[in-house]
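*Asks:* What follows is a protein structure lacking sequence information:
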């Protein structure tokens, strides 16, 4: 059974930092592209960041570029999202997801086969 489990969410002040983790079981992340999405109340789930396992190429939403960094640890079978210079508009539930490695586009939810349960991030002003 495949499980993706996020952790590291919580409350942060504007300008602060949080590091989200996504641990996988039943799935070898090195065989998949990985992404982070977020969903604020009343809004659609939106793309945040993604990484191709092969070559490690990364992609970011314009709203987080320069502030967030996606990374991986093959030995831990985990992927991370380092979030710096947080803003109140970053407040959302954050989800990690695993996509088919052949996916050409990683910014849309439809290419992701597996999702975590989400972790809440709240940024106060």
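*Replies:* Received it, and whenever you're ready, just let me know what you need. None of these values were measured; they are calculated from a predicted model.

*Asks:* State the pLDDT value of the residue minimising distance to the centre of the chain.
*Replies:* Taking Cα atoms, centre = their mean, the centroid of the chain lies closest to residue 36, which sits 2.2 Å from it. At residue 36, the predicted lDDT confidence score is 98.

*Asks:* How about it: what's its closest non-neighbour residue?
*Replies:* The shortest distance from residue 36 to any residue that is not its chain neighbour, by Cβ to Cβ, 6 or more residues apart in numbering, is 4.4 Å, and that residue is residue 48. From N, CA and C alone the C-beta is placed, and that goes for glycine too.

*Asks:* In three-state terms, label the one you found for me.
*Replies:* Assigned with DSSP: H, G, I helix; E, B strand; the rest coil, residue 48 falls in the strand class.

*Asks:* Near it, how many other residues are there?
*Replies:* Burial measure for residue 48: 25 neighbouring residues, criterion other Cβ atoms under 10 Å.

*Asks:* Equivalent analysis for residue 107, please.
*Replies:* The number of residues packed near residue 107 is 16, by other Cβ under 10 Å.

*Asks:* my guess is it meets residue 45, correct?
*Replies:* No. Distance between residue 107 and residue 45: 11.5 Å, which falls outside the contact criterion (Cβ atoms under 8 Å).

*Asks:* Where does the residue nearest to the centre of the chain sit, in terms of helix or strand?
*Replies:* In this structure, residue 36 sits in strand 33-39 according to DSSP states H and E.
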